[in-house]
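Trainee: no FASTA, just this:
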Ligand code: DGJ
């Protein structure tokens, strides 16, 4: 609900309130974000003090009124606010001035899509939008701030449109999507999700401090190294208590998320496209729209905040058939064969897999061109008939005859130097004119800002998808951008290439996912290098990490769960010793961990013993039984694996609280062991539940806990089904 009194705007969700106000100088102030309250004018909480060296806009009489100190909705560089700015322009005369003042506002039911970029969506009943227009009177630059309120989800989505109303060119040097000036609650921890290839989304919690704290990526992709999701919370906030604010950026390219604690101990948070190497030229009348930031707030700790994101991304961002349809349990041949496969090997894997309840074979890297290793052939998207005798359609027919679907791997954005595509189009490489560029995994990046490149990829991928009954695509990306320069753009537009790359990628994905609406797309970037909300709009699942070690995965999946639904987490059972860590874990444990995701296998099933195959059969049946609970249930983190090295536990609870599933892994067995009581969450406290034929009250399970039977052994795991009986 959006309430308006004069020029006071109060955005209400079921549990949160966000407020802004146009002041006497037409500056749009931020007055409040937090626990739900009425629509009282909260600008009384802003007390101005005359602070030396914080100047006053011309014409303002009070020396205590300074843009350098008051909380605002959208801040500009160059006119007296020295804190982090959202907008930095260069006017045609070389100046940076842009003084934004309120002009008008509009409220409507529903939410517009963002041109060329994914965004969350809802019906007119589910979402209401406020647009506030600000303007610089001298340059005629206009800024439209958009706030879409998903009332029942406690979600507010923000984006910004800048319009060049001048009669001369305008250069944008920085346009962020969101600013929140916390002047009341302002003593936060920042939680961010850092990592590296094979070690993604580790949780780091650190107090914000005077000056800036930055989480970012300038890799051209959202990256393994930092995720475009951060949380600001009370120092004492836990899974179940405390104030927590989430900021999630629906974008797959360079990003920045930054806190700044100022001279008055106020905390400013900003988020958007990274300004490094960014410039965007607007001709008169042109506009630029930013990607959106999805904000949420919980006063009941981190668990509730995560569940808010799970719901909105699962139901209001993911699209297409597989948003709700059950996704097939797959077996991928990458760790089974790497590049060493042919059609016979693949069919043999499919034969065994089909008998065990697995539903789809995914043929990974190596089926095309001259691709016998990772040094060549990217870009040559035609079948290698030396490997696949009879071509793709023959393979597909044989796999389909087993009752299995067939999926296929692509790495569309890349090009190998040793490829027909490179020999034909060296100028399609993203690299600076006259320089050799930088190789990574011995490959270059295609210039996705070019329409001819996008069209080539659309045709080449379509040709493959049309040639056989392919029902799944794994979309990989195995290096980051460097030497970013496009042969198609003039020098003054080279600052647009990073962003245009992302737009080109989205455009291609939009065309393909629309044309092949029944095909399940899975995102991937050397594992979880592009695990961001924007990619979820095209691929409802993303390969979470190239690290398939079940114990490492507990941490990776734990970190991922803070901002992303479990239904998005690509997770497989792989062979032991594990290929990345050489660690051995029981097959059962690998299944329990992989089931907290999309579930599949990544091993040579032909090498398994009969006993192991029986376990696989049980696992696929178990996953199918719990599918709805896992993908649609509420998710609860019960332990933090970064702190608790004894055991890990997490839980799924059905929306109607009729059922739950407790997952448990013993990380480090103890002699003379300490007893483990786990307090469950999310159950009906009035109800009775049954676990292993024993009856408990919901209240007892949540307050006194469930007493886990004593277990021993390396990485022993268990699943406990919790069923409501009355
Ligand atoms: C990286 C992916 O994450 C792997 O699963 C596999 O597809 C390889 N690329 C293939 O090159």
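Mentor: Looks like it came in fine. What you are looking at is a predicted structure, and each value in this text was computed from that prediction instead of being measured.
Trainee: from here on, contacts and neighbour counts on C-alpha atoms
Mentor: OK.
Trainee: quick one: pLDDT of the residue in the stretch 201-350 of the chain that the ligand sits nearest to?
Mentor: Nearest residue of the stretch 201-350 of the chain to the ligand: residue 334, at 5.9 Å (Cα to the nearest ligand atom). pLDDT, residue 334: 98.
Trainee: roughly how far apart are the spatially most central residue of the chain and the ligand?
Mentor: What sits nearest the mean C-alpha location of the chain, by Cα atoms, centre = their mean, is residue 532, with 2.3 Å. From residue 532 over to the ligand the distance is 15 Å, taken as Cα to the nearest ligand atom, to the nearest Å.
Trainee: And the contacts of whichever helix or strand residue 233 is part of?
Mentor: In this assignment (DSSP states H and E), residue 233 forms part of strand 229-234. Residues from elsewhere that reach strand 229-234 (Cα atoms under 8 Å, 6 or more residues apart in numbering): 187-193, 242-249, 257, 563.
Trainee: And the helix or strand just after that strand, how far out from the chain middle?
Mentor: Using DSSP H and E, the next helix or strand after strand 229-234 towards the C-terminus is strand 244-249. The chain centre lies 11 Å from the centre of strand 244-249; the measure is Cα atoms, centre = their mean, to the nearest Å.
Trainee: For the closest residue to the residue nearest to the centre of the chain other than its chain neighbours, report the pLDDT, please.
Mentor: Nearest residue to residue 532, sequence neighbours excluded (Cα to Cα, 6 or more residues apart in numbering): residue 252, at 6.3 Å. Listed pLDDT for residue 252 reads 98.
Trainee: What of residue 184?
Mentor: Note for residue 184: predicted pLDDT of 85.
Trainee: I figured it was touching residue 47, is that so?
Mentor: No: Residue 184 is beyond contact range of residue 47, at 10.6 Å (criterion: Cα atoms under 8 Å).
Trainee: Next up, the contacts around the residue nearest to the centre of the chain.
Mentor: 222, 227, 228, 249, 250, 251, 252.
Trainee: buried residues in the helix ranked longest in the chain?
Mentor: Ranked by number of residues, the top helix in the chain under DSSP state H is helix 610-632. Buried residues in helix 610-632, counted by 16 or more other Cα atoms under 10 Å: 613, 615-620, 623-624, 626-627, 629-632.
Trainee: roughly how far out does the helix or strand residue 396 falls within sit from the chain middle?
Mentor: Assigned by DSSP H and E, residue 396 falls within helix 391-401. From the chain centre to the centre of helix 391-401 is a distance of 34 Å (Cα atoms, centre = their mean).
Trainee: what do you get for stretch 42-56?
Mentor: Mean-position distance between stretch 42-56 and its chain equals 37 Å (Cα atoms, centre = their mean).
Trainee: Could you pull up the mean pLDDT of it?
Mentor: 95.
Trainee: same check, this time on stretch 621-628
Mentor: 98.
Trainee: Could you check the pLDDT of the residue nearest to residue 631 when sequence neighbours are not counted?
Mentor: Among residues not flanking residue 631 along the chain, residue 567 sits closest, at 4.9 Å (Cα to Cα, 6+ apart). The model reports residue 567 with a pLDDT of 98.
Trainee: Does residue 567 belong to a helix, a strand or coil?
Mentor: What DSSP: H, G, I helix; E, B strand; the rest coil gives for residue 567 is helix.
Trainee: That one contacts residue 540, doesn't it?
Mentor: Yes: checked against Cα under 8 Å, the pair residue 567 and residue 540 is within contact range at 7.5 Å.
Trainee: Which one's more surrounded, the two?
Mentor: residue 540 (29 against 25; other Cα atoms under 10 Å).
Trainee: Contacts only, for the more buried one.
Mentor: By Cα under 8 Å, 6+ apart, the contact list for residue 540 reads 314, 318, 319, 322, 323, 520, 521, 522, 567, 568.
Trainee: Stretch 36-49 spans what distance, first to last residue?
Mentor: 28 Å (Cα to Cα, to the nearest Å).
Trainee: Just the buried residues of that stretch, please?
Mentor: Neighbour-count burial for stretch 36-49 [16+ other Cα under 10 Å]: 36, 39, 41, 42, 43, 46.
Trainee: State the next helix or strand along the chain beyond the helix holding residue 396.
Mentor: strand 405-410.
Trainee: partners of the helix or strand following that following strand, with directions?
Mentor: Following strand 405-410 in sequence order, the next helix or strand is strand 414-416 (DSSP H and E). With DSSP bridges as the test, strand 414-416 is paired with strand 443-445 (antiparallel).
Trainee: Show me what from the stretch 201-350 of the chain comes close to the ligand.
Mentor: Within the stretch 201-350 of the chain, the positions adjacent to the ligand are residue 334 by Cα under 6 Å from any ligand atom.
Trainee: if we can go back for a sec, what is the mean pLDDT for the helix holding residue 396?
Mentor: 98.
Trainee: host element of residue 31?
Mentor: strand 28-35.
Trainee: buried stuff in that strand?
Mentor: Buried, per 16+ other Cα under 10 Å, within strand 28-35: 28, 29, 30, 31, 32, 33, 34, 35.
Trainee: Please tabulate these in JSON lines and include distance to residue 359 and pLDDT as additional columns.
Mentor: Compiled in JSON lines, those are given as follows (distance: Cα to Cα, whole Å; pLDDT from 0 to 100):
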{"residue": "28", "distance to residue 359": "55", "pLDDT": "98"}
{"residue": "29", "distance to residue 359": "55", "pLDDT": "98"}
{"residue": "30", "distance to residue 359": "52", "pLDDT": "98"}
{"residue": "31", "distance to residue 359": "53", "pLDDT": "98"}
{"residue": "32", "distance to residue 359": "50", "pLDDT": "97"}
{"residue": "33", "distance to residue 359": "47", "pLDDT": "97"}
{"residue": "34", "distance to residue 359": "46", "pLDDT": "97"}
{"residue": "35", "distance to residue 359": "46", "pLDDT": "98"}
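Trainee: In a markdown table, list these along with distance to the ligand.
Mentor: As requested, the buried residues of strand 28-35 are exported to a markdown table (distance: Cα to the nearest ligand atom, whole Å):
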| residue | distance to the ligand |
| --- | --- |
| 28 | 45 |
| 29 | 45 |
| 30 | 43 |
| 31 | 45 |
| 32 | 42 |
| 33 | 39 |
| 34 | 39 |
| 35 | 41 |
